[in-house]
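>>> my questions concern the predicted model and sequence given below.
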Amino acid sequence: MEDFITNFHFLRPEWFIALFPALILYIALKRNTSKKSGWQSVIPSHLYQHMVVGKLTKGQKPPFWLLAFGWLLAVVALAGPTWERLPQPVYQLKMGHVIVMDMSLSMRATDITPDRLTRAKYKAIDLVNQIGEGEMGLVAYAGDAFVVSPLTQDAANITTLLPSLSPEIMPVPGSDPLLGVETAAELLTNAGYSKGMIYWITDGVDLRQQQELQEYVADMPFTLNALAVGTDDGAPIRQMTGELLKDRSGAIVIPKLNSGAVNAIVRASGGKFSEITTNDDDITALASLSLLDRDSESEEDANNTEGDQWREFGPYLLLALLPLMALGFRRGLVFAVIAAIYMPMSSESVMAQSVTQEPPSESSTSSSVSWWQKPFLNANQEGLANYSDNAFDQAASTFEDPAWQGAAHYKAGDYEQALAAYQQQGGIEGLYNQGNTLARLGKLDEAIAKYDEVLKQDPNYQDAAANKTLLEQLKQQQEEQEQQNQENQQSNEGDNQQDSGEGENQEGSDDSSQDSQNNDGSNSEDTSEENGEQSASDNQNAHDENDSQSDPQSSQNEGGEQDDSKNQNESEAQDGANGEENDKEDAGAPQNTGNEEGTDEAQQESDAAMAQAGEMTDAEKEQQQRLENLMRRVPDDPAFLLKRKMQLEAQKRQRQRMPSNRSDW
């Protein structure tokens, strides 16, 4: 109750000015009704009450108090009474963060255990987790600087990439911190940030680099913070081979931490400097500046959004006005109540079903459109509602548009009717859909001819070109398979004739040998034919997977889906026997139904793949096992991918000269 009294207020109190016209109107109406007739000015008032008014006028006064009450209630509702604050995010962080990692060879120094590089990566991960919110990026530098991760709100992406960093993956050896800071600043600028934090994790800079770097950070709009990794005494650099790094004269290189130079650079930017510690004090110190800025932004945003954080209860007061409104329409009140009770305001009722009940068939003939919706829908809208509910047969009989009719027949598996509908569609989309349907019917030559017509009208129609190429390959494979089967059959017939001739000249053991040879020939023929049929089925189903129906309403901007005819040809060919099961996706579907069908399609494809695995022959199982073994041998090395990415980027840059401030390690 205390909170109610404290927080109760009106969001729009200026609406109370509307009470003054109500007061004036009430007084005027009262005066007007008090003048019953012109005798008031002639007859004294004490006689007028008995002579003119009498008992006949009692109970005939209009209910002006109801009008005043309704007016007051409406004004209070418009004023917006409220006392409950809405839970809203107080602020959004408007500052970006970029971590710049030093990946020079000196990070392999072992003056801190186990080495500088390992400790630096652990500290970077802790820093990412400490900052938590806002966009964050990752830059690594050696002799050149590279963006490892652009700005992202997914902190897990940064922590996943950090362990893969090492000096060995950097394409250009050396140490150029200026390039690293410049790359980080460019990353923040391109993202539209006017301020941001750059966290520089390094083991020191060369004194020749200090002046130029200090001048740059003093002029940039972003704050540079630094974490110094290492000791002033330094230690040798142990390479991956176990050898110690030596300079040109053969002396062992011992890099030392020049913390004074790093601190001076950070002070020029107004940031914080910290040396690495064994606890979290260094990370807390670096992240504290970001937290202070976050708090100031929180205060500013809270002040800007305070007026929008209250729940308004005015609309609930309007419910009390409904009875007053009904009094103004007393003659139609009964009809309004009856209509409100019997008019269905929602879709048809839902009944609980067992969780084990199977989903309705896609070719269901029952209409999903309620009886009260039909008067408000045309034929195409009713057909679209049936189509969205997978009642494709009903949708096909309802649609008037031939393009939609074809799409419904296609989804129902009635390709003959779909072809007839697409022939009435016309245009380049109609030709493309005819090609897809002919391919489903096994008429490859006619389908290729339709794709040719499409490409003549639009040479850049990629789906038609891809489907045509796939059908041509399928046709060629079928011809080769038929030729191979004929050769095998002829070879087997020759063997049988030869075995028969030998059987006439030999007896006893020769007869058993002949039987063995005939059985071998028969088995060979059966195996060949079985493989041929399987290959043909694989290729046909691979085409089915890439076969797509164009959107029948593309010319009317209705939107649609088209299957990518180039996706996963090898995987689809291996799962060839699942062609009919996987035929769940075509561009004949409207765009608003794609997401609803995706889950069912994935489940059906998974079930079909499991069924196919049980039907594979021993040879196919052996082949699949061989492929799985090969896939296991592929190394899972994110560092290799980062290295290749940096190498390609370095080749693109093709720097004409080496920067003057670059050091060797």
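Yep, it's here. This structure is a prediction, so every number in the text was calculated from the model and none was measured.

>>> shaky segments in the stretch 151-300 of the chain?
289-300 (pLDDT under 70).

>>> now the helices for it?
155-161, 177-190, 207-219, 259-269, 281-305 (DSSP state H, counting those that start in this stretch).

>>> can I get those in JSON lines with distance to residue 440?
C-betas here are computed from N, CA, C, even on glycine. Shown next, in JSON lines, are the helices of the stretch 151-300 of the chain (distance: least, C-beta to C-beta, whole Å):
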{"stretch": "helix 155-161", "distance to residue 440": "43"}
{"stretch": "helix 177-190", "distance to residue 440": "48"}
{"stretch": "helix 207-219", "distance to residue 440": "64"}
{"stretch": "helix 259-269", "distance to residue 440": "66"}
{"stretch": "helix 281-305", "distance to residue 440": "57"}
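
>>> deepest of those helices, which one?
helix 177-190 (a mean of 21; mean count of other C-beta atoms under 10 Å).

>>> so what touches that helix?
Helix 177-190 has contacts (C-beta atoms under 8 Å, 6 or more residues apart in numbering) with 96, 98, 100, 102, 137, 139-141, 144-147, 150-151, 196, 198, 200, 202, 205, 209, 212-213, 216-217, 220, 222, 224, 659, 661.

>>> now, of those residues, which are buried?
96, 98, 100, 102, 137, 139-141, 144-147, 151, 196, 198, 200, 202, 205, 209, 213, 216-217, 220, 222, 224, 661 (16 or more other C-beta atoms under 10 Å).

>>> local confidence estimate at residue 36?
Looking at residue 36, its pLDDT reads 52.

>>> hmm, I was thinking of residue 122
94.

>>> one more: residue 126?
93.

>>> quick one on the thing from earlier: from the buried ones among the contacts of helix 177-190, which ones fall inside strands?
Counting by DSSP state E, the buried ones among the contacts of helix 177-190 place 96, 98, 100, 102, 137, 139-141, 145-147, 151, 196, 198, 200, 202, 224 in strands.

>>> what segments of the stretch 251-400 of the chain are strands?
Assigned by DSSP state E, counting those that start in this stretch, the strands in the stretch 251-400 of the chain fall at 273-275, 310-311.

>>> do you know which of the ones you listed lies nearest residue 65?
Of all these, it is strand 310-311 that lies closest to residue 65, at 31.2 Å by C-beta to C-beta.

>>> pull the residues that contact that closest one.
11, 82, 84-86.

>>> of those residues, which is the most crowded?
The most crowded member of those is residue 82, carrying 18 neighbours; neighbours defined as other C-beta atoms under 10 Å.

>>> show the backbone phi and psi for it.
phi -160, psi 150 (degrees, to the nearest 10).

>>> what strand or helix carries the closest residue in space to residue 157 that isn't next to it in sequence?
Closest residue to residue 157 apart from its sequence neighbours, by C-beta to C-beta, 6 or more residues apart in numbering: residue 149 at 5.8 Å. Using DSSP states H and E, residue 149 maps to strand 145-152.

>>> which secondary structure elements does that strand sit against?
For strand 145-152, the packing partners by 3 or more C-beta pairs under 8 Å, 6 or more residues apart in numbering; DSSP states H and E come out as strand 96-102, strand 136-141, helix 155-161, helix 177-190, helix 638-653.

>>> wait, which of those is closest to residue 282?
Here strand 96-102 is closest among the helices and strands packed on strand 145-152 (C-beta to C-beta), at 14.0 Å.

>>> kindly export that closest one (C-alpha atoms) in PDB.
The C-alpha coordinates for strand 96-102 follow below in PDB (Å, rounded to 0.1, in the frame of the first residue of the first chain):
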ATOM      1  CA  GLY A  96      33.100  -1.100 -28.000                       C
ATOM      2  CA  HIS A  97      36.100  -3.100 -26.800                       C
ATOM      3  CA  VAL A  98      39.000  -4.500 -28.700                       C
ATOM      4  CA  ILE A  99      41.800  -6.700 -27.300                       C
ATOM      5  CA  VAL A 100      45.200  -6.400 -29.100                       C
ATOM      6  CA  MET A 101      47.400  -9.400 -28.500                       C
ATOM      7  CA  ASP A 102      51.200  -9.200 -29.000                       C
END
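
>>> quick one: it to strand 145-152, angle?
Orientation check (axes from the mean of the first three to the mean of the last three C-alpha atoms, to 10 degrees): strand 96-102 against strand 145-152 gives 150 degrees.

>>> could you pull out the buried residues of the helix or strand that strand 96-102 is followed by?
Using DSSP H and E, the next helix or strand after strand 96-102 towards the C-terminus is helix 116-131. In terms of neighbour count (16+ other C-beta under 10 Å), helix 116-131 has its buried residues at 116-121, 123-128, 131.
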